[in-house]
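Trainee: here you go, sequence then predicted model.
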Amino acid sequence: MAVSTSVLQTGIELGPQTLPLLLVIAGLGLSIAEAMAPGAHFAVLGVALLAAGIVGMLLGPVAGPLVLAVLVLVFGGLALAGYRRFNLYGDSGIGQTSDSSSLRGRTGRVTERVTTQSGEVKLDRGGFNPNYSARSIDGEIPVGTEVLVVDPGGGNVLTVTSLDDIEDDIDAELAAGRAEETEEAADEDSREPTREEESERA
């Protein structure tokens, strides 16, 4: 069955000048969705579309599809850099996307006191959101302490230990080894020489 062309022509005509308006509407929609379900799921894209749409409306007829696409990429990059720089959702340690096995052995700092029940750390090179919920092996780890991930725990809750504790253990083992070497050297110096050693000296 053929559709009359007059029916198709009665629709809203979308020209190049309406594209910036569509970007603004999409950006506002994503911003509202972000406000309803925070977690940086829509923040970067929403800001990019909204800013590109506003600039596109200011540029007028110059803002063709190619110019708008470049604007979306530029504003998207700026929004992503700003999100990482200012850590807007720094209190959220859930929903990580990093491969959990890659987190083992990484270092970071405690941002919320870590105990065996609660806490949070910010990892060095931790990805899009470097903040993770964390638990200690035993005891408490104060804010600002440098830590090492000993068990990634699937990427949701990390088990960490203080680097100071690790260094203390290593230092203790090295000191014990040096003490043993000193005792052995003292024993060698204090023992009486054998007849063979005396004859060699003579």
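Mentor: Alright, I've got the coordinates. As the structure is a computational prediction, the values presented were derived from the model and not from experiment.
Trainee: mind giving me the domain ranges of this structure?
Mentor: With domains defined by automatic domain parsing, the chain comprises 15-86, 94-190.
Trainee: confidence-wise, which of those is weakest overall?
Mentor: The stretch with the lowest mean pLDDT among the domains of the chain is domain 94-190, at a mean of 77.
Trainee: can you count the residues close to Gly105?
Mentor: Gly105 has 9 neighbouring residues, counting by other C-beta atoms under 10 Å. Quick note: C-beta positions are derived from backbone N, CA and C, even for glycine.
Trainee: for it, helix, strand, or coil?
Mentor: coil (DSSP: H, G, I helix; E, B strand; the rest coil).
Trainee: quick check: the residue nearest to Leu80 when sequence neighbours are not counted vs Arg113, distance?
Mentor: Nearest residue to Leu80, sequence neighbours excluded (C-beta to C-beta, 6 or more residues apart in numbering): Val44, at 5.1 Å. Using C-beta to C-beta, to the nearest Å, we find Val44 at a distance of 31 Å from Arg113.
Trainee: go on, Leu158?
Mentor: 15 Å.
Trainee: who has more neighbours, the two?
Mentor: Leu158 (28 against 15).
Trainee: what secondary structure does that one sit in?
Mentor: strand.
Trainee: so Lys122 is in which element?
Mentor: Using DSSP states H and E, Lys122 maps to strand 120-123.
Trainee: in its sheet, what does that strand sit against?
Mentor: strand 107-112 (antiparallel), strand 131-136 (antiparallel) (DSSP bridges).
Trainee: give me the residues contacting that strand.
Mentor: With C-beta atoms under 8 Å, 6 or more residues apart in numbering as the test, strand 120-123 has contacts from 90-91, 93, 103, 106-112, 114, 130-134, 147, 149, 158, 160.
Trainee: circling back to that earlier point, after the helix or strand where the residue nearest to Leu80 lies comes which helix or strand?
Mentor: Secondary structure assigned from DSSP H and E places Val44 in helix 43-59. Sequence-wise, the next helix or strand beyond helix 43-59 is helix 65-86, with elements assigned using DSSP H and E.
Trainee: got the angle between that following helix and helix 43-59?
Mentor: Angle, helix 65-86 to helix 43-59, by axes from the mean of the first three to the mean of the last three C-alpha atoms, to 10 degrees: 140 degrees.
Trainee: which secondary structure elements does helix 65-86 contact?
Mentor: helix 19-36, helix 43-59 (3 or more C-beta pairs under 8 Å, 6 or more residues apart in numbering; DSSP states H and E).
Trainee: pick the most deeply packed of those helices.
Mentor: helix 43-59 (a mean of 20; mean count of other C-beta atoms under 10 Å).
Trainee: that one - contacts with which helices or strands?
Mentor: Taking 3+ C-beta pairs under 8 Å, 6+ apart as the contact cut, helix 43-59 packs with helix 19-36, helix 65-86.
Trainee: can I get it in CSV, CA atoms only?
Mentor: Written as CSV, here are the backbone C-alpha positions of helix 43-59 (Å, rounded to 0.1, in the frame of the first residue of the first chain):
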residue,chain,number,x,y,z
ALA,A,43,27.5,13.0,33.1
VAL,A,44,30.3,13.3,30.5
LEU,A,45,28.1,12.7,27.5
GLY,A,46,25.3,14.9,28.8
VAL,A,47,27.7,17.8,29.3
ALA,A,48,29.3,17.3,25.9
LEU,A,49,26.0,17.3,24.0
LEU,A,50,24.6,20.2,26.0
ALA,A,51,27.7,22.4,25.5
ALA,A,52,28.0,21.5,21.8
GLY,A,53,24.3,22.3,21.3
ILE,A,54,24.6,25.7,23.0
VAL,A,55,27.7,26.6,21.0
GLY,A,56,26.0,25.3,17.8
MET,A,57,23.0,27.6,18.5
LEU,A,58,25.3,30.6,19.0
LEU,A,59,27.2,29.8,15.8
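Trainee: thank you, goodbye.
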